[in-house]
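In: sequence unavailable; structure follows:
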C-alpha cells in the first residue's frame, strides 16, 4: 500500500480520497460481509447522490455488514495508482476493491458506463462477469440505469432493478450465507424480487427472455433514511442537507423516465419529513436544507411541511432551498421561506401544441401567472429548462421558446418597472427513454440538433440578460444509443474505453470521435438504436415488470401523436398499472384500464 498522505500532495484535490468524514460509521465492527459502494464519477458528484447515502446508511446499520465507498479518481490520482502499482481502494479503510465480498456500482446515466470499466481496470478486476471466477468480489449494479441495464449487463454478476433499500441487504445476506460458492449465491439471488441475474436468465438474439420484477419499497414513510449523513470533506455539487418528500410523480410527462419508473407514488408524512430535516441539521451542521422529489409542489400537504421546516430552520438560522417547480404548482406561499436567489422552472416546450403532445399540462396562463407571482415575491433570476427534438416538433415550436422568454421579460418589466431580469435558458436534446410513452419514438440526428440550437442562438443573441446553454449533439446521440441499447453495446463500451474514453460526462474529457470509431469497428448500425421502434417490437427491457404496463405506455404514445392530453393522476387514476406494486397515493378504481 502506498503512503497516501505523501502521494496526495501530488494531486489536485486530496480531500476526494482521504475519508474520515464527520458521521463516518464504525468500520471496525465485527462483520462477515464487506460491501463497497462505488460511484463512477468524482467524489463531489457521488457524495451528492441520495441513493448512495441511503444504501450506505442501511448497510452500515445492519448487523454483520460493513459498507465502504469508492469514487472514480481523477486522472492525476489514477496516474499515481498506476505508477505505484497500487489497485484502486476504498475511502474508509484503503482496502483494495478486489478484496471486498461485494462491489456495487450505482449507475446514474449513460455516459458514466465507460467509468465502470475505468474503475474495474484500476482495481485490477476483469471487466466481464464470465471472466471472473471464484476469488473476485461479486460485481453488482443498480440505480437509474436499471430501467435498461442490457448495454452494460455483461460487466455485472447481477443488477438491482428498482428501489434498493431492501434488495441490497437481502443480497448481502445471501453472500454471508453462501460465501465461497458463487454459483449458489447467484442462484439464490435470482429468487429475490428486484434482482436480475443474467446468467440465470435465458436470452434470444441478445435479449433476455426471463422475467424480473422491479423492487418497490411499499411504505416509504417507514423506510430507512439517513439521519446522520456523512459531512463531505470538500464542497460538493449539492452541498446541503436534503429530505426526500415522496417517490414517483403525478404529472405523466411522456418523455420523463423517472415519472413512470418510480411509480407508484409513495409519500413520507409531514411529521416524518420535518423530523428528518431537524435531525439532519442537528447532526451535520448544514446551514441549508432542501427537499427533493420529482415535483415537490405536488405534495398534497406541502404548505404544512413548509411551515414545519420554517419553524425548524428559523430556530437554527438555516436557509431553506426550494427545488425545481412545476409552473402550475408555484405560489408565493410555497416559497415564502425559501432562499430568493433564483427560481427554476421547466416549461419543456415553447408552444401549447407541443406541451400537449408531451403532456406537460401547463398553459400559457400558468406561465404568465407564475412569473408574475415570482417577480412580485422578489425573484430577479429565473432558470428555464426546455427540450429540443421532441416528437412532432417544428421550427415554430423551437422559436416559441424565444417567444416565451420575451413574454417573461415583458411581465418582469410590467411588475417591477425594471429591465435587470436575468434569465438562464438551458436546452437538452430529447432522448427516447425506456419505460416512457416515447420509448418507440425516433431521435433526431446530430445535424438536426445543431440546426435547432442555431435557431435559438440567433433568437437569443439580441436579448439582454439572457444566457443560453445547450447539451452537445454528439453526446446526445450516444446517450440515445445506449438508453435503448442491447447487449451488443458492451463490446462498444469496452472498445471505446480501450481508446481512452472515460469521464465522458466531463466536457474536457469527452471525445466523440473515439466513440463513433468504436461503434463503427463493432459493426453497429446507429439508426437501429436511434430510429423509430415498431409498436409490436420486442424491446431489450421488456423482460422487466415495471408495474406500469406497456399497454398503458402505448396508449399514451398514441394520444401524444393525436395531440391529446391525460390529466395528472393526482386528479384521477389513469390505470397505468403501478397500483399492483404498492399503495399508490391517488389510486381509486381499476388499476389497469
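Out: Sure, I can see it. Here the structure is a predicted model, which is why all the values come from computation and not from measurement.
In: for residue 501, give me its contacts.
Out: 114, 511, 514, 515, 518 (CB atoms under 8 Å, 6 or more residues apart in numbering). In this view, the C-beta of every residue, glycine as well, is placed from N, C-alpha and C.
In: among those, which are in helices?
Out: 114, 514, 515, 518 (DSSP state H).
In: before we move on, the earlier item: so which of the contacts of residue 501 comes closest to residue 98?
Out: Among the contacts of residue 501, residue 114 lies closest to residue 98 (CB to CB), at 19.8 Å.
In: burial check on the closest residue to residue 22 other than its chain neighbours, number of neighbours?
Out: Leaving aside its sequence neighbours, residue 22 sits nearest to residue 231 (CB to CB, 6 or more residues apart in numbering; 4.0 Å). A count of nearby residues for residue 231, using other CB atoms under 10 Å, gives 16.
In: can you list the weak-confidence ranges in the stretch 301-450 of the chain?
Out: Counting by pLDDT under 70, the stretch 301-450 of the chain shows low-confidence ranges at 322-341.
In: swap in 50 and give it another go.
Out: Regions of the stretch 301-450 of the chain meeting the criterion pLDDT under 50 are absent.
In: in it, which spans are helices?
Out: All helices of the stretch 301-450 of the chain, identified by DSSP state H, counting those that start in this stretch, fall at 302-316, 352-357, 364-377, 395-416, 446-460.
In: what helices and strands are in contact with the shortest one?
Out: For helix 352-357, the contact count by 3 or more CB pairs under 8 Å, 6 or more residues apart in numbering; DSSP states H and E identifies helix 395-416 as packing neighbours.
In: what residues of the helix it packs on count as buried?
Out: Neighbour-count burial for helix 395-416 flags 397-402, 404-405, 408-409, 411-412, 415 (criterion: 16 or more other CB atoms under 10 Å).
In: about what we covered before: select only the buried ones of the contacts of residue 501 in PyMOL?
Out: Here is the PyMOL command that selects the buried residues among these (16+ other CB under 10 Å):
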select buried, resi 114+514+515+518
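In: starting at the chain centroid, how far to stretch 430-437?
Out: Per CA atoms, centre = their mean, to the nearest Å, the displacement of stretch 430-437 from the mean C-alpha position of its chain is 14 Å.
In: numbering from 54 from now on, please.
Out: Sure thing, new numbering starts at 54, so read that last one as stretch 483-490.
In: end to end, how far does it reach?
Out: End-to-end span of stretch 483-490 (CA to CA, to the nearest Å): 13 Å.
In: mind listing the residues bridging to the nearest residue to residue 143 once chain neighbours are set aside?
Out: Spatial nearest neighbour of residue 143, excluding adjacent residues (CB to CB, 6+ apart): residue 121 at 3.8 Å. Note on residue 121: beta-bridge partners by DSSP bridges are residue 89.
In: so which of the helices of the stretch 354-503 of the chain is nearest residue 320?
Out: Nearest to residue 320, of all these, is helix 355-369, at 10.5 Å by CB to CB.
In: nearest to residue 526 among the ones in helices among the contacts of residue 554?
Out: Taking CB to CB as the measure, residue 526 sits nearest to residue 568 out of the ones in helices among the contacts of residue 554, at 12.8 Å.
In: I'd guessed that closest one sits against residue 531; true?
Out: Yes: counting by CB atoms under 8 Å, residue 531 is a contact partner of residue 568 at 5.6 Å.
In: shared neighbours of those two, anything?
Out: Both residue 568 and residue 531 are contacted by residue 557, under the criterion CB under 8 Å, 6+ apart.
In: now distance to residue 171 too, for the helices of the stretch 354-503 of the chain, in CSV please.
Out: Formatted as CSV, the helices of the stretch 354-503 of the chain follow (distance: least, CB to CB, whole Å):
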stretch, distance to residue 171
helix 355-369, 40
helix 405-410, 39
helix 417-430, 42
helix 448-469, 37
helix 499-513, 25
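In: so where's this structure shaky on pLDDT?
Out: Those would be 639-646, if you go by pLDDT under 50 across the chain.
In: domain-wise, how is it divided?
Out: With domains defined by automatic domain parsing, the chain comprises 57-266, 293-541+577-598.
In: export these as a markdown table, with columns for distance to residue 547.
Out: Formatted as a markdown table, these follow (distance: least, CB to CB, whole Å):
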| stretch | distance to residue 547 |
| --- | --- |
| domain 57-266 | 6 |
| domain 293-541+577-598 | 12 |
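In: ok, the residue nearest to residue 75 - contacts?
Out: When contacts are counted by CB under 8 Å, 6+ apart, residue 284 touches 74, 75, 76, 337, 338, 339.
In: ok, which stretches of the stretch 454-603 of the chain are strands?
Out: Secondary structure of the stretch 454-603 of the chain (DSSP state E, counting those that start in this stretch): strands at 475-482, 519-523, 597-598.
In: packing partners of the shortest one?
Out: With contacts defined as 3+ CB pairs under 8 Å, 6+ apart, the secondary structure elements packing on strand 597-598 are strand 265-266.
In: strands paired with the helix or strand following the strand it packs on, and their directions?
Out: Going down the chain from strand 265-266, the next helix or strand is strand 294-297, by DSSP states H and E. Strand 294-297 sits in its sheet next to strand 341-345 (parallel), going by DSSP bridges.
In: chain center to the strand it pairs with, what's the gap?
Out: In terms of CA atoms, centre = their mean, the centre of strand 341-345 is set 17 Å apart from its chain centre.
In: report the inter-axis angle for that strand versus helix 355-369.
Out: Angle of strand 341-345 versus helix 355-369, following axes from the mean of the first three to the mean of the last three CA atoms, to 10 degrees, is 160 degrees.
In: contact partners of strand 341-345?
Out: By CB under 8 Å, 6+ apart, strand 341-345 touches 103, 291-298, 326, 330, 333-334, 358, 362, 365-366, 371-376, 392.
In: residue 265 is nearest to which of the strands of the stretch 454-603 of the chain?
Out: Using CB to CB, the strands of the stretch 454-603 of the chain put strand 597-598 closest to residue 265, at 5.3 Å.
In: partner strands of the closest one, with direction?
Out: strand 265-266 (parallel).
In: re the thing from before, and the strands of the stretch 454-603 of the chain, which is most packed in?
Out: Using mean count of other CB atoms under 10 Å, the stretch among the strands of the stretch 454-603 of the chain with the largest mean neighbour count is strand 597-598, at a mean of 22.
In: in the stretch 204-353 of the chain, which spans are strands?
Out: 211-213, 248-249, 256-257, 260-261, 265-266, 294-297, 299-300, 319-320, 341-345.
In: partner strands of the fourth one, with direction?
Out: Taking DSSP bridges as the criterion, strand 260-261 sits next to strand 256-257 (antiparallel) in its sheet.
In: which of the contacts of residue 284 count as buried?
Out: Buried members of the contacts of residue 284, scored by 16+ other CB under 10 Å, are 74, 337, 339.
In: coming back round to it: got a quick ChimeraX command for the buried subset of the contacts of strand 341-345?
Out: Buried subset of the contacts of strand 341-345, written as a ChimeraX selection, criterion 16+ other CB under 10 Å:
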select :291,293,294,295,296,297,298,326,330,333,334,358,362,365,366,371,373,374,375,376
